[in-house]
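> From the sequence below, what's the structure:
(one chain, ligands or ions: 2)
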Amino acid sequence: MSHYADVHAQSLENPQAFWARAADDIEWVRRPRAILNAAEPGRASWFPGAMLNTCYNAVDLHVVAGQGERTALIYDSAMTGSVQRFTYQELQSEVARLAGLLQSLGVERGDRVLIYMPMVPEAVFGMLACARIGAIHSVVFGGFAANELAQRIQHAAPKVILTASCGLEPGRVVAYKPLLDEAIAGASHKPDHCLVLQRRQEPAELVPHRDLDWSDTVQGAAPATPVAVQSGEPLYILYTSGTTGLPKGVVRDHGGHAVALKWSLRHVYGMEPGEVFWAASDIGWVVGHSYIVYAPLLLGCTTVLYEGKPVGTPDAGAFWRVIEQHGVNALFAAPTALRGIKREDPDAKLVSRYDTSSLRTLFLAGERADPDTVAWGERALGVPVVDHWWQTETGWPIAANCMGIEALPIKRGSPTVAVPGYDVRVLDDEGRELPAGETGHLALKLPLPPGCLRTLWENDAGFERAYLERFPGYYQTADAGHIDDDGYLWIMARTDDIINVAGHRLSTGAMEEVIAAHPQVAECAVTGVADPLKGQVPLGFVVLNAGVELSESELETELVARVREAIGPVAAFKQALVVGRLPKTRSGKVLRGTMRQIADGEPYRTPPTIDDPEILDEIRRALETRGFARARD
Ligand code: COA
Ligand code: AMP
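Ligands and ions are numbered 1, 2, ... in the order given. You can find the predicted model right below:
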């Protein structure tokens, strides 16, 4: 048995012993006496009765251990050409003062604090400050529009909102504050205060009494000490796309999260304290929560917070510059970032301008890593490129090549094997287990390991419905794929209407809601079609009301603007096609999957339940006139 197989088997045979050992690595206020309460397997609670403070473990612990002078955070802004470093000692002082300020604004244990910020160190301070006082943070990605932000304000009901006057995107300054003001106006819940970080690129106007200037107010705040919380209390809510327009608020706890993340950085990513980890993501996504902020700090590593893009800031050598400048040991990026670099610098000439010898591994996740991109990365950098599979819900990898346990042979296109703690099965539509090689629903046998979601915020029933109901005894990942004879996983597609655009998870249902609200639209469907850079991009199929005289390009311009306005630029909705009818089954279900197959030029079968098979030919003709459906079945 390989070492990996041995560790994986131990984690499933005796999860209590396995995670009890991992829990020894955490400083508890009250040590766990019980490890797992799985009376209801779908709601397993880890370390019940134990108490800790996550911020203490991520920050103070290292200072107490004499590592206060170690660099905790490197803020590298390719957008402003600046670099700022914070030692653990400095991080502690920043976070403690911000936590004290939050307390003075009335934020208490269990209260929500919403964070709508660009990639600046204050955003990280904000998350840790919440953890310090037992408040629950909810970070909203900056590329979302006011409407999406309003939904989250409404649902999470934050007492305080942390924001910045603006974010910086190549070629434009994104004024955050007007978006926030619009969102607050649109939500019936109103925060007591907004703490606004003024950036010199575009300072914001402050609303008297409600808004406070970050720098002025934090300076005078008294530092707060860490508050002990129960292991099972929520650390954060992170909203993610679901099948409807309303996002799902994934709730993560303190104890399970701290144990699992610290364990994962060492064992999955092969990191040691003092080394430099860089997740080139955004704090608004789960990757940012887990691997920019919590895991590297829990392990006592140096984490890089990068404000910039893989290309254009200033060129496709930006990542290699950061690796050299900060001695990065492991990089985590989305495949789309690598594809972007490859497109600009196909022969990887820019790599040779930098010394990237500190880099041991490149990790890719967020979308399927196509074998070409993996091979290009291996050639360009001369290090293993590790594809790994996980979700906002799990918070840490489900499948990976665990570099801290045993590096297994890489099969390009597969995220390798189930990570210890995860029991991955492939099920058919009836929930029966499928043999190796057969494609079906990827499901995780309950209980889930520590660190995974506990529920959906204020929506226990939705949690049951979305994840537990379909296959009793399992968590439904909503991904389809298979496990091969060597135990390697192959992730092929989502089984719901989520699409992955440039590693960003988006709901086509949410886009359909926006498009359907256009007065001239009778009905519509949105599907994700293949894109060489972003993996997938949304494509809208629109049926107009009878008698409407509107050209396809006029309609497209209006719909693109509406989606950008309602969901945000991150939706990357750029294309809409007018069609006479939508293909449906006799029971009225729109055949989105078949439309996607036609658009991508894949072979497709005419579903036997289709209402009128001729519609598919009409759809194909409409797609062909716009340059889709190149390969014919
Ligand atoms: N605030 C405001 N707007 C944002 C934003 C933010 N934080 N992040 C992205 N946007 C905007 C972009 O400016 C772009 O706007 P545009 O339509 O006006 O050009 C739009 O949202 C789409 O963004 P994205 O899909 O990320 O593409 P991009 O043009 O910004 O970047 C690449 C192109 C190649 C760099 C891109 O594929 C990439 O690497 N994206 C980041 C992937 C990533 O980190 N994913 C996280 C999951 S781990
Ligand atoms: P998110 O919640 O944004 O992390 O998105 C999770 C989804 O992204 C998964 O359910 C998959 O559909 C997809 N995904 C993430 N990582 C991978 C991967 N390595 N291979 C294939 N799909 C992935």
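> what about the nearest residue to residue 30 once chain neighbours are set aside, how many neighbours?
With CB to CB, 6 or more residues apart in numbering as the criterion, residue 30 has its nearest non-adjacent residue at 4.0 Å, and that residue is residue 51. In this view, the C-beta of every residue, glycine as well, is placed from N, C-alpha and C. Residues near residue 51, counting by other CB atoms under 10 Å, number 18.
> beta partners of residue 51?
Beta-bridge pairing of residue 51, defined through DSSP bridges, involves residue 30, residue 230.
> if I look at it, how far off is residue 67?
24 Å (CB to CB, to the nearest Å).
> What parts of the stretch 151-300 of the chain come near ligand 2?
Within reach of ligand 2 by CB under 6 Å from any ligand atom, the stretch 151-300 of the chain has these residues: 240, 286.
> for the stretch 151-300 of the chain, what spans make up the helices?
176-186, 214-219, 255-267, 286-287, 295-298 (DSSP state H, counting those that start in this stretch).
> who touches the shortest one?
With CB atoms under 8 Å, 6 or more residues apart in numbering as the test, helix 286-287 has contacts from 238, 240, 250, 279, 281, 332, 365-366, 390-392, 395.
> gap between the two ends of stretch 233-246?
Length of stretch 233-246, first residue to last, CA to CA, to the nearest Å: 24 Å.
> which of the residues in that stretch are buried?
Buried positions in stretch 233-246, judged by neighbour count with 16 or more other CB atoms under 10 Å: 233-243, 245-246.
> out of the residues you listed, who's nearest residue 9?
The closest of those to residue 9 turns out to be residue 235 (CB to CB; 30.0 Å).
> and the closest one, what pLDDT?
Looking at residue 235, its pLDDT is 98.
> Could you do residue 245 as well?
Reported pLDDT for residue 245: 68.
> picking that back up, list the residues that contact the residue nearest to residue 30.
Going by CB under 8 Å, 6+ apart, residue 51 touches 28-30, 228-231.
> what separates it from residue 395, distance-wise?
21 Å.
> Equivalent analysis for residue 137, please.
Distance of residue 137 to residue 395, given as CB to CB: 14 Å.
> now do residue 422
For residue 422 relative to residue 395 (CB to CB), the value is 12 Å.
> Comparing the two, which shows the higher neighbour count?
For residue 422 and residue 395, the more surrounded residue by other CB under 10 Å is residue 395, and the numbers stand at 27 against 24.
> Touching, that one and residue 453? I think so.
Yes. Between residue 395 and residue 453 there is a contact at 7.1 Å, judged by CB atoms under 8 Å.
> anything in contact with each of the two?
Joint contacts of residue 395 and residue 453 (CB under 8 Å, 6+ apart) are 250, 252.
> for the protein, which helix is longest?
Using DSSP state H to define each element, the chain has its longest helix at helix 88-104.
> Just the CA trace of stretch 75-92, in CSV.
Provided in CSV are the C-alpha atoms of stretch 75-92 (Å, rounded to 0.1, in the frame of the first residue of the first chain):
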residue,chain,number,x,y,z
TYR,A,75,0.9,43.0,-0.2
ASP,A,76,2.1,43.2,-3.8
SER,A,77,0.1,45.6,-5.9
ALA,A,78,1.0,45.4,-9.6
MET,A,79,-1.7,48.0,-10.0
THR,A,80,0.1,50.7,-8.0
GLY,A,81,3.6,49.3,-8.3
SER,A,82,4.0,49.0,-4.6
VAL,A,83,5.0,46.3,-2.1
GLN,A,84,4.2,46.4,1.7
ARG,A,85,5.2,43.8,4.2
PHE,A,86,3.7,43.1,7.6
THR,A,87,5.3,40.9,10.3
TYR,A,88,3.2,38.8,12.5
GLN,A,89,3.7,41.4,15.2
GLU,A,90,2.5,44.2,13.0
LEU,A,91,-0.4,42.1,11.8
GLN,A,92,-1.4,41.4,15.4
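> looking at the protein, which residue ends up farthest from its center?
The centre of the chain is farthest from one residue, residue 547, which by CA atoms, centre = their mean lies 43.1 Å away.
> For ligand 2, see how far away residue 345 is.
24 Å (CB to the nearest ligand atom, to the nearest Å).
> Equivalent analysis for residue 237, please.
As for residue 237, its distance to ligand 2 is 14 Å (criterion: CB to the nearest ligand atom).
> contacting residues for that residue?
Residue 237 is in contact with 112, 136-138, 156, 249-251, 457, counting by CB under 8 Å, 6+ apart.
> From those residues, pick the one nearest residue 208.
residue 112 (23.7 Å).
> Look up phi and psi at that closest one.
Backbone torsions for residue 112, taken as degrees, to the nearest 10, come to phi -100, psi 140.
> Just give the number of residues close to the closest residue to it other than its chain neighbours.
Spatial nearest neighbour of residue 112, excluding adjacent residues (CB to CB, 6+ apart): residue 158 at 4.3 Å. Neighbourhood size, residue 158 [other CB under 10 Å]: 28.
> show me what contacts residue 158?
Residues counted as contacts of residue 158 (CB under 8 Å, 6+ apart) are 111-114, 138, 189, 191.
> Check residue 37 too.
44-45, 48.
> With respect to ligand 1, which of the residues you listed is nearest?
Of all these, residue 44 has the smallest distance to ligand 1: 26.7 Å, by CB to the nearest ligand atom.
> I'd assumed residue 36 was in contact with that closest one.
Yes. Here residue 44 reaches residue 36: they are 6.1 Å apart, a contact under CB under 8 Å.
> Tell me the residues that contact both of the two, please.
By CB under 8 Å, 6+ apart, the residues touching both residue 44 and residue 36 are residue 447.
> Could you name the specific helix or strand carrying the nearest residue to residue 117 once chain neighbours are set aside?
Nearest residue to residue 117 in three dimensions, chain neighbours excluded: residue 123, at 3.9 Å (CB to CB, 6+ apart). Residue 123 belongs to helix 121-133 when elements are defined using DSSP states H and E.
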